[in-house]
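Novice: below is the sequence, then the predicted model.
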Amino acid sequence: MLEIVEKYAELPKPLRKPLWQWWHKRMNKYDSGNIANFLNYGYESLNGSPQLQLLKEDETDRYCIQLYDHVVNSVDLKSKDVLEVGAGRGGGASYITRYFKPKTYTGLDISKSSIEFCNNHYKNVSGLKFIAGNAEKLPFANHSFDYVVNVESARCYNDQKSFFSEVFRVLKPEGKLLLADMLYPSEIENFKAKIIEAGFRITKETEISQNVVLALEKDSERRENLIDGKIPRYLQNSFKVFAGTIGTSRYNNFATGVFQYFSFIIEK
């Protein structure tokens, strides 16, 4: 399993989705108490900017939250209809709904076990709901949302072209896709070409690779302790690779530039 996880980004796309679903099922099994409600790699400022002000109960997840905040903080989500595709364990959806006050926030994920988990654990967050669905065939009418959020998910899709076309379809006129993901340098131009081909224009592109590395360094001890306390020993190394803890192949790939990490604001 460790070898498969280390080479995740090299796997053929048809194999990535089943592995990702398997991973979510294991997380939901081993962490039913909702301690790990974020699965992203995080973000930390490089220039000493004032820290994001968080409620005490959110402080533990600071670096993962800061990635979501980076993705959405330059737009006004208040009273808007927002869709997150690839909502995972729902932490980002909960944060955005509570802090940015959209009219509605819908979290979609292909993992039915994750959707069940999220609807149970975030049922008291007003305006937030989760449904199961396929990113490449979104179960929504045309022009349903003002914004679509996608964090560390698009790279896993078998058909990215269909995903971008579906997002374009469900966005209202002048709606925006707010996206962050890691890519091999050789993939970047093709990834952006698919966005443009779907009818979008990229209004902002930011490389945040070093922000992600710094976040992983500051958050590594928490991630390791969580894995050591929750995950069976035979799976711990694989989970640490997926979590990007210091010394793993995933962390090293970020630190050395094998992977680059970008955020985008993409307008219809």
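Specialist: Yep, it's here.
Novice: need the helices for this structure, in chain order.
Specialist: 2-6, 13-30, 62-72, 91-100, 112-121, 160-170, 188-197, 209-230, 233-243, 249-256 (DSSP state H).
Novice: how about the residue nearest to the spatial centre of the chain, nearest residue that isn't a chain neighbour?
Specialist: Closest residue to the average C-alpha location of the chain: Val151 at 2.8 Å, with C-alpha atoms, centre = their mean. Closest residue in space to Val151, ignoring its immediate chain neighbours: Ala180 at 5.1 Å, by C-beta to C-beta, 6 or more residues apart in numbering. All C-beta spots, glycine's among them, are computed from the backbone N, C-alpha and C.
Novice: what is the one you found paired to in the beta sheet?
Specialist: Val151, Ser263 (DSSP bridges).
Novice: report pLDDT for it.
Specialist: We note a pLDDT of 98 for Ala180 in this prediction.
Novice: likewise for the one 3 residues further on?
Specialist: The score at Leu183 is 93. That number is its pLDDT.
Novice: do Ala87 as well
Specialist: In this prediction, Ala87 carries a pLDDT score of 95.
Novice: isn't Gly199 up against Arg169?
Specialist: No. Look at Gly199 against Arg169 with C-beta atoms under 8 Å: they stay out of range, at 9.4 Å.
Novice: isn't the residue nearest to the centre of the chain up against Gly86?
Specialist: Yes. Contact criterion C-beta under 8 Å: Val151 and Gly86 qualify, at 6.9 Å.
Novice: distance of Val75 from Ser165?
Specialist: 22 Å (C-beta to C-beta, to the nearest Å).
Novice: ok, now how distant is Asp58 from Lys161?
Specialist: 36 Å.
Novice: what number of residues lie near Ser209?
Specialist: Number of residues near Ser209 (other C-beta atoms under 10 Å) recorded here: 15.
Novice: next one: it from Glu57, what distance?
Specialist: In terms of C-beta to C-beta, Ser209 sits 30 Å off from Glu57.
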